Structure formats: C-alpha cells, structure tokens
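S.K.: what follows is a protein structure lacking sequence information:
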C-alpha cells in the first residue's frame with residue numbers, strides 16, 4: 001500500500017474532549033508510518049483546507065500529542081463554516097480535492113456533528129468523480145448528543161457531568177439562603193432542538209425535593225401557567241425552586257423564547273438569554289427574588305471535571321477512525337454501541353455517513369416525565385453511565401496544565417482561494 005498523508009479537521013463548537021479524539025487518531029497514525037505519512041490538521045477546521053493552511057503535526061512531540069487527551073477546546077482551531085451542496089458551490093469541494101492532491105493526502109478525517117458528516121460524505125463522492133479517490137471518515141463530536149445511530153456523542157458526557165454537578169452545588173447554595181433571600185434559581189444550558197443536556201441536570205436529583213425541581217426541554221412547548229404553578233408549589237413545599245432550561249425552549253406557538261433575531265454561519269437562529277426570560281416570568285407572576293446563570297462556554301470547556309467515560313470514548317473513536325481507514329472503509333463514522341447498562345459496557349460500531357448526515361436525534365418521549373418538566377427512570381438509566389469516572393488533567397501552581405501546539409505550517413503549493 002502506497003504511503004499517503006492524512007488531513008484532520010475539527011468542526012463546529014468545540015468540547016472538553018474533542019482533542020482526545022485528535023490524540024487517538026494521531027497516535028494511531030504514528031503507529032502506521034508505513035501507510036500514513038504526515039498527518040496535517042486544518043487551521044481553523046475546514047477553512048484550513050480551503051485556504052491551504054495545513055498544520056504539520058509531525059513537528060509535535062509524542063508528549064505534546066499525548067497531552068491533547070487532557071486539553072479542552074480545539075487544539076488546531078475550529079470553525080462554523082458550512083459547505084453548501086455540490087451543485088450550489090462545487091468550486092469549494094473541488095478546491096478541497098485540489099489541496100488534498102497537492103499534498104498527497106489520501107485520508108480525510110472530519111471531527112464534528114451532523115453538518116460535518118454531510119461534508120465528509122460529499123467529499124468522498126466528489127473525489128471519485130474527479131478521479132482522485134479520497135478516504136473520508138467522520139469522527140462524531142457534539143455536546144448536544146443529537147447524532148443518530150451512535151449511542152452517545154463525545155463531548156456530551158462531560159457537559160452532562162458539569163451540568164449535573166453545577167445543579168447540585170447551586171441547589172445547595174440556594175437552599176441555604178432561601179429563607180431570607182433567593183427563592184428561585186434558573187440555570188440555562190445548551191440545547192437548541194434536543195434537550196439532552198438539560199435532561200442530564202436531572203441526575204442531580206436522587207430523592208424527592210432534590211433540585212432541579214423543574215426541567216424545561218425544547219421537545220416540550222412551554223405551558224406558562226402550568227410552569228408558574230409548579231414553581232409556586234415547589235417554593236411552598238421546599239422553600240425554593242431550581243429550574244434548568246434549554247436555550248431552545250419554545251412557546252406554544254413554536255417560537256423560541258430567546259430568539260436574538262440573527263443567525264449563525266450554519267443558518268441556525270442565534271439563541272441566548274432564555275434564563276432571564278423565564279426568571280422574569282416568575283418574578284412577574286409571584287414576586288419571588290431570583291438569580292439566573294447561563295452556563296454557555298463553561299459547560300463545554302470544563303475539562304477539569306470531565307467524565308472519564310467521555311474521555312475514553314472520544315480517544316477510542318479517534319483510533320477507530322484510523323483503523324477504519326486502513327481497512328479500506330470509506331464514507332463511514334465509528335460509533336459507540338452500548339451492550340449493557342449495568343454494568344455499563346460499550347464497544348465500537350460503524351455507521352454510513354449517509355445515514356448520519358443532517359439528522360437530529362431528540363430526547364425520546366419515554367425519557368420525558370409525563371408532566372413534561374422532568375426526566376424518567378429510563379432516561380436516568382441511559383444518562384448515568386455517561387458521567388461516570390474522573391479523569392483529571394495535571395495541575396501546576398493550582399491550575400490545570402494544558403498543551404498549546406506550536407502549529408508548524410506546511411508550505412503552500414497552490415494559488416490563494418477566494419473565500420465567499
């Protein structure tokens with residue numbers, strides 16, 4: 001088998017464990033130098049390929065690559081940049097093939113969510129048509145946990161752990177002050193269309209009265225009067241109320257409560273601030289003193305409290321992606337297959353990219369409490385294993401010590417490409 005180089009890119013919102021997948025892939029590639037030459041990483045994701053800004057990872061020591069496993073965010077830079085359909089913008093896809101051919105790249109590994117898997121699928125198709133076959137392997141990543149087929153998505157388990165821990169700790173704080181101060185605390189978490197992250201907060205509640213008392217999910221349109229009545233009942237019963245709300249909660253008319261009136265690079269509505277909207281509704285209805293918090297980037301970057309299960313799976317999927325490529329597989333994505341809940345066991349599976357791309361998996365009805373404001377035991381059984389175990393990064397001077405790669409760039413061989 002002739003030696004070919006590989007291209008790896010990180011896409012979309014980063015996570016606490018996306019670099020663990022990069023670590024797994026690059027370490028596995030270094031074990032097969034007879035087949036995989038240089039692993040290039042796109043500077044700022046797929047934009048790096050379009051602009052021919054390729055980071056030569058061979059300049060990074062084995063120790064630096066190993067340190068990626070415990071380093072959050074995107075070590076090579078990520079981006080929200082959606083390549084349109086082949087017919088709409090064929091020039092961009094052709095540019096990718098041109099860059100791959102110029103740098104003898106025969107393997108394309110795209111680490112991202114549904115849009116990214118769609119891009120990898122299209123590149124595999126176009127490579128064949130242009131006479132330059134390219135092996136395209138997706139690596140799953142999304143804190144939203146909304147990719148189909150795979151049992152869970154790397155990045156989600158650590159966010160779930162952070163949100164559950166934060167809910168429990170904040171709940172204790174509010175409870176201790178509720179007699180004379182705050183009665184209601186609202187925590188806003190990510191989740192545009194799928195409520196997996198908000199649902200994970202329910203793990204903090206292990207007995208009656210434990211927070212969160214109410215979980216508001218994108219899958220359930222907000223019944224404002226029923227919600228406000230539930231808040232009042234919680235305050236009267238427990239002295240306080242903790243609410244966890246997904247950013248994508250909608251009203252009965254299907255409108256986002258926190259629509260900011262603009263869209264991101266993928267065409268998604270920009271959301272944010274639903275916690276304040278919910279808190280103000282409570283204040284207006286009941287007069288309770290409130291506090292709210294928006295977890296925002298903190299939830300997805302909190303490597304210091306990452307789930308060991310999540311780290312292990314992210315790393316394993318990076319290695320599995322390389323293995324699939326060497327086996328001659330194309331247009332596929334390694335997945336997590338759950339084989340047992342108790343004890344929790346999992347193995348690596350595989351899915352075709354065409355079956356993954358642009359499909360959102362939402363929280364199933366059987367995971368949502370009948371009143372729509374909490375989770376069921378079935379949901380708890382699914383979620384609980386995903387937050388298990390601690391995998392602390394090394395600390396120095398009281399702070400976690402993360403790696404920053406120097407980013408040696410490969411020499412450009414092509415003319416500049418105009419970005420639209």
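M.R.: That came through fine. As the structure is a prediction and not an experimental result, all values here were calculated from the model.
S.K.: who's in contact with the residue with the largest distance to the centre of the chain?
M.R.: Within the chain, residue 180 marks the point farthest from the mean C-alpha position, 39.0 Å out by C-alpha atoms, centre = their mean. With contact set as C-beta atoms under 8 Å, 6 or more residues apart in numbering, residue 180 has no partners. Every residue, glycine included, has its C-beta placed from N, CA and C.
S.K.: so it, which of the three states?
M.R.: Three-state call for residue 180 (DSSP: H, G, I helix; E, B strand; the rest coil): coil.
S.K.: what's the spacing between it and residue 240?
M.R.: 11 Å (C-beta to C-beta, to the nearest Å).
S.K.: same for the helix or strand where residue 225 lies, what does it pack against?
M.R.: Counting by DSSP states H and E, the element that carries residue 225 is helix 224-238. If you count contacts as 3 or more C-beta pairs under 8 Å, 6 or more residues apart in numbering; DSSP states H and E, helix 224-238 packs onto strand 214-216, strand 241-246, helix 274-286.
S.K.: quick one: contacts of the shortest one?
M.R.: In other words, strand 214-216. Contacts for strand 214-216 (C-beta under 8 Å, 6+ apart): 195, 198-199, 201-202, 222, 227, 230-231, 234, 241-246, 249, 278, 373-375.
S.K.: spatially nearest residue to residue 360, not counting backbone neighbours?
M.R.: Distances taken as C-beta to C-beta, 6 or more residues apart in numbering place residue 146 nearest to residue 360, at 4.8 Å, with adjacent residues excluded.
S.K.: what's the burial count for residue 273?
M.R.: Number of residues near residue 273 (other C-beta atoms under 10 Å) recorded here: 15.
S.K.: and if you look at residue 48?
M.R.: 25.
S.K.: now do the buried residues in the helix or strand in which it is found.
M.R.: Per DSSP H and E, residue 48 falls inside helix 46-50. Neighbour counts over helix 46-50 (16 or more other C-beta atoms under 10 Å) mark 46, 47, 48, 49, 50 as buried.
S.K.: OK, contacts around the fourth one?
M.R.: Taking C-beta under 8 Å, 6+ apart, we find residue 49 in contact with 7, 9, 42, 95, 96, 99, 100.
S.K.: what sits against the last one?
M.R.: Pointing back at residue 100 there. 7, 49, 106, 108, 127, 132, 134.
S.K.: repeat that for residue 150.
M.R.: Residue 150 touches 140, 333, 335, 336, 349, 351, counting by C-beta under 8 Å, 6+ apart.
S.K.: skipping its backbone neighbours, what lies nearest it in space?
M.R.: Residue 150 sits nearest to residue 335 (C-beta to C-beta, 6+ apart), 3.7 Å away.
S.K.: could I get the phi/psi values of the one you found?
M.R.: Dihedral pair for residue 335: phi -130, psi 170, per degrees, to the nearest 10.
S.K.: ok, now the one 5 residues further on?
M.R.: When read as degrees, to the nearest 10, the backbone of residue 340 gives phi -160, psi 140.
S.K.: how many neighbours does residue 384 have?
M.R.: Neighbour tally, residue 384, other C-beta under 10 Å: 16.
S.K.: that one and residue 338, how far apart?
M.R.: Taking C-beta to C-beta, one finds residue 384 at 12 Å from residue 338.
S.K.: next: residue 405.
M.R.: 33 Å.
S.K.: the two: who's more crowded?
M.R.: Higher neighbour count among residue 405 and residue 338: residue 405, with 20 against 16, using other C-beta under 10 Å.
S.K.: what's near enough to touch the more buried one?
M.R.: Residue 405 touches 55, 57, 60, 64, 68, 75, 76, counting by C-beta under 8 Å, 6+ apart.
S.K.: give me phi/psi at it?
M.R.: According to degrees, to the nearest 10, residue 405 has phi -80, psi 150.
S.K.: look at it and report its pLDDT.
M.R.: pLDDT, residue 405: 93.
S.K.: check residue 253 too.
M.R.: 89.
S.K.: now it: phi and psi?
M.R.: Taking degrees, to the nearest 10 as the convention, residue 253 sits at phi -90, psi 0.
S.K.: before I go, just wanted to say thanks for your time.
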